[in-house]
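> quick one, what's the 3D model for this:
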Amino acid sequence: MLVVDPPVTLFMGLDKHENEDLIKWGWPEDVWFHVDKVSSAHVYLRLNPGQTIDDIPMSVIEDAAQLCKANSIQGNKMNNVDVVYTLWSNLRKTAGMDVGQVGFHNDKEVRKIRLEKRMNEIVNRLNKTKTESHPDFRLEREDRDRRERNLQKKELKEKQQREKEELEQRKKEQELKSYSSLFNQGNMKTNKDAAEEDSDDFM
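As a prediction, the model looks like this:
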């Protein structure tokens, strides 16, 4: 869903099984939203490159939170609902949990926004941009990781090349320095100086 300029993508699982796939194959740059303490859709916001959770405009946080509330059977009927959000990397899944259920590695990294009521104008606007698809979450994550690895390799190669060029430049500068010091005016002698030194030796 494109909700702001520059556009961002909001997406959510169709059911608890798709939520489970999103929990498993989310991206490090995904931010997870859920109505606090009651069942709701898992809504994700994918950050743009270089963006952090602190850079998300409040309007986008409100959009994602309203989407969560609207897709919660209990939460949709309630006023003054809290929606929690955190980075995907902070989600913790253990063997004993139900399908679609998650905990957190660090509770301090979980943020909260309170919604007084459902804002139909927000929900209706988001629903107009809604598209339904059934992507292969695992494949998308593996493609993302491959691109990340290739980028890191490229950056490392470029860094090594820069360091090599800098080293060669320093070597050239040192060679020039030592070469020029050989011909330093103070160390140079005229033929007359040399002849006088020779004559001194035989005195």
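> now do the strands in the protein.
In the chain, the strands defined using DSSP state E lie at 9-12, 30-35, 43-46, 81-87, 91-92, 103-104, 111-115.
> elements contacting the fourth one?
Contacts of strand 81-87 with other secondary structure elements, assessed using 3 or more CB pairs under 8 Å, 6 or more residues apart in numbering; DSSP states H and E, are made with strand 30-35, helix 58-70, strand 111-115. Using the backbone N, CA and C atoms, a C-beta is placed for each residue, glycine as well.
> so of those, which one's packed in deepest?
With neighbours defined as mean count of other CB atoms under 10 Å, these peak in mean count at strand 30-35, which reaches a mean of 24.
> can you list the strands of the chain in JSON lines and add mean pLDDT and distance to residue 147?
Converted to JSON lines, those look like this (pLDDT from 0 to 100; distance: least, CB to CB, whole Å):
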{"stretch": "strand 9-12", "mean pLDDT": "89", "distance to residue 147": "17"}
{"stretch": "strand 30-35", "mean pLDDT": "96", "distance to residue 147": "16"}
{"stretch": "strand 43-46", "mean pLDDT": "94", "distance to residue 147": "14"}
{"stretch": "strand 81-87", "mean pLDDT": "97", "distance to residue 147": "20"}
{"stretch": "strand 91-92", "mean pLDDT": "96", "distance to residue 147": "22"}
{"stretch": "strand 103-104", "mean pLDDT": "95", "distance to residue 147": "28"}
{"stretch": "strand 111-115", "mean pLDDT": "97", "distance to residue 147": "28"}
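> out of those, which comes closest to residue 66?
Closest of these to residue 66 is strand 111-115, at 6.6 Å (criterion: CB to CB).
> what strands line up against the closest one, and which way round?
Strand 111-115 pairs in its sheet with strand 81-87 (antiparallel), by DSSP bridges.
> how far off centre is the partner strand?
Distance of strand 81-87 from the chain centroid (CA atoms, centre = their mean, to the nearest Å) equals 20 Å.
> pull it out as PDB, backbone CA atoms only.
Provided in PDB are the C-alpha atoms of strand 81-87 (Å, rounded to 0.1, in the frame of the first residue of the first chain):
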ATOM      1  CA  VAL A  81      -6.800   0.800  22.100                       C
ATOM      2  CA  ASP A  82      -3.000   0.400  22.300                       C
ATOM      3  CA  VAL A  83      -1.100  -0.800  19.300                       C
ATOM      4  CA  VAL A  84       2.400  -2.000  19.900                       C
ATOM      5  CA  TYR A  85       5.200  -1.900  17.300                       C
ATOM      6  CA  THR A  86       8.800  -3.000  17.100                       C
ATOM      7  CA  LEU A  87      11.400  -4.100  14.500                       C
END
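> what does that strand rub up against?
Outside strand 81-87, the residues that touch it by CB atoms under 8 Å, 6 or more residues apart in numbering are 28, 30-38, 53, 61, 64-65, 68-69, 72, 75, 104, 109-115.
> got it, and stretch 30-47?
Taking CB under 8 Å, 6+ apart as the rule, stretch 30-47 contacts 8-13, 19, 22-23, 26-27, 29, 53, 55-56, 60, 64-65, 67-69, 71-75, 78, 81-88, 91, 100, 102, 112.
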